[in-house]
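Participant: below is the sequence, then the predicted model.
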Protein chains: 2
Amino acid sequence: MEKNEKRIITISREFGSGGRTIGRRVAEELGIPFYDKEIVDQIALESGFAPRFIEENGEHAPGLSRLSYAFAPQGVPGVMNGLSTADFLWNIQCGVILQLAEKGPCVIVGRNADYILKDRDDVMDVFIHADPEFKAERIVRLYGESEKSPNQRLTEKDKRRRVNYQHYTGRTWGAAQNYEMCLCSSTLGVEQCVKIIVEAVKISQGK
Amino acid sequence: MEKNEKRIITISREFGSGGRTIGRRVAEELGIPFYDKEIVDQIALESGFAPRFIEENGEHAPGLSRLSYAFAPQGVPGVMNGLSTADFLWNIQCGVILQLAEKGPCVIVGRNADYILKDRDDVMDVFIHADPEFKAERIVRLYGESEKSPNQRLTEKDKRRRVNYQHYTGRTWGAAQNYEMCLCSSTLGVEQCVKIIVEAVKISQGK
């Protein structure tokens, strides 16, 4: 394998930016697995937590630590080796993502996979962001209305992702230097983002 | 003109990343003017400062203000309306860049043009960054050795650009959200960056 030949694509994204859709479409175009729900299920299996708990809280630590051990598997703190819930889940998440990457080419969305896989040189890290209006319209259309305003939901979710990323990686979420490519999906369009990423991966592979 | 049709491309870049070369090549591919030296000359003409002084210090304010009025045109502080040298040059720079954008499609490198043109919706803002090794090799090859180590030169120059950007725009330099596209030239390659930008501009124009 050539140095710089990219086989694994990580997608980090602002809430509502369409990053998940872009990741799934990139995987389709390249004919490689798309890991999203699989990561949640595997962390659930290895941790004993419910998939839904992982899904809702996995990218939101370290605030999770406030929950203390209340939700620990079978209420037995001992199984977490004295770690906070957040740190316990983080360790499992790292293991799951490293194992998935070992299995071969894939697209991984979220969960700080860019940082977890930083020692591999076959990874292309992508960050997707968008204008607030685009994201607000999108989350209401996809996830429905809620008591909170769309802008409040966007701000809260991204703040939690940013804090989580900073806490576990020491890096700034959304700083261009952490990624091979950052794309604004509201200006470029979701399909154009897919095309740009697929092209860049193919060129890195000499195709 | 369609909303989101991009006719002006601004390129912000880390020192040594090849952003200037990428900008020139994008302008060639699109057959539109490339503004770099022209901006310096115009600021020089309107300010009375020497082009070389503008070139060396224009992106490095507000540290410039320490120079006080020592280098003011003809040594007459009065012509700067009581502004510091840095603020005086910033005002002229804004005017020059706004006028250039009015003239039609173009590529503009550096000088916070992304911020200065933020109220136009026909502008595509691009940020180019690269791995330190790539940049170090490149600056020694292009600009020669110096007493300082390549890494020191990179750090100092980018720090000045970052401080200048923060000071005049209130934004964080290199934060993905400020740009339509951020690309890592050391991973993607200079020519691939050119291709990605040109394609994105053409698609925004419906071509």
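Facilitator: Everything's here; your move.
Participant: separation between the spatially most central residue of chain A and chain B?
Facilitator: Against the mean C-alpha coordinate of chain A, by CA atoms, centre = their mean, the closest residue is A:Gly110 at 0.2 Å. With distances taken as CB to the nearest CB, to the nearest Å, A:Gly110 is found 16 Å from chain B. For every residue, glycine as well, the C-beta is placed using N, CA and C.
Participant: tally of neighbours for A:Arg13?
Facilitator: Around A:Arg13 there are 24 other residues, counting by other CB atoms under 10 Å in any protein chain shown.
Participant: for the residue nearest to the centre of chain A, give its distance to B:Thr21.
Facilitator: When CB to CB, to the nearest Å is applied, the distance between A:Gly110 and B:Thr21 equals 34 Å.
Participant: and what of A:Leu98?
Facilitator: From A:Leu98 over to B:Thr21 (counting by CB to CB), the distance is 37 Å.
Participant: tell me the secondary structure for the closest residue to A:Gln205 other than its chain neighbours?
Facilitator: Distances taken as CB to CB, 6 or more residues apart in numbering or on different chains place A:Glu5 nearest to A:Gln205, at 5.2 Å, with adjacent residues excluded. Secondary structure assignment for A:Glu5 (DSSP: H, G, I helix; E, B strand; the rest coil): coil.
Participant: which pLDDT value belongs to A:Glu5?
Facilitator: At A:Glu5, the pLDDT value in this model is 89.
Participant: doesn't A:Lys202 make contact with it?
Facilitator: No - counting by CB atoms under 8 Å, A:Glu5 stays clear of A:Lys202, with 10.4 Å between them.
Participant: just after the worst-scoring helix or strand of chain A on mean pLDDT, pick out the following helix or strand.
Facilitator: Lowest on mean pLDDT, DSSP states H and E among the helices and strands of chain A sits helix A:51-57, with a mean of 81. As assigned by DSSP states H and E, the chain's next helix or strand after helix A:51-57 is helix A:85-103.
Participant: the helix or strand following that next one packs against which elements?
Facilitator: The C-terminal neighbour of helix A:85-103 among helices and strands, as given by DSSP H and E, is strand A:106-109. When contacts are defined as 3 or more CB pairs under 8 Å, 6 or more residues apart in numbering or on different chains; DSSP states H and E, strand A:106-109 sits against strand A:8-13, helix A:19-30, strand A:34-35, helix A:85-103.
Participant: and the ones you listed: which comes nearest chain B?
Facilitator: Of all these, the one in closest proximity to chain B, counting by CB to the nearest CB, is strand A:8-13 (9.5 Å).
Participant: pLDDT of that closest one, averaged?
Facilitator: Taken as a whole, strand A:8-13 carries a mean pLDDT of 96.
Participant: that strand vs chain B: in contact?
Facilitator: No - shown here: strand A:8-13 not in contact with chain B (CB under 8 Å from any CB of the partner chain), separated by at least 9.5 Å.
Participant: ok, that strand: who's next to it in the sheet?
Facilitator: strand A:106-109 (parallel), strand A:123-129 (parallel) (DSSP bridges).
Participant: what does the shortest one contact?
Facilitator: This points to strand A:106-109. A:8-11, A:13, A:19-20, A:23-24, A:26-27, A:30, A:32-36, A:39, A:97, A:100-101, A:117 (CB atoms under 8 Å, 6 or more residues apart in numbering or on different chains).
Participant: how far does it sit from the chain's center?
Facilitator: Remark: strand A:106-109 is offset 8 Å from the chain centroid, using CA atoms, centre = their mean, to the nearest Å.
Participant: now it - C-alpha only, CSV.
Facilitator: This file holds the C-alpha atoms of strand A:106-109, laid out as CSV (Å, rounded to 0.1, in the frame of the first residue of the first chain):
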residue,chain,number,x,y,z
CYS,A,106,-14.9,1.7,5.5
VAL,A,107,-16.6,5.0,6.3
ILE,A,108,-17.0,5.9,10.0
VAL,A,109,-19.3,8.7,11.1
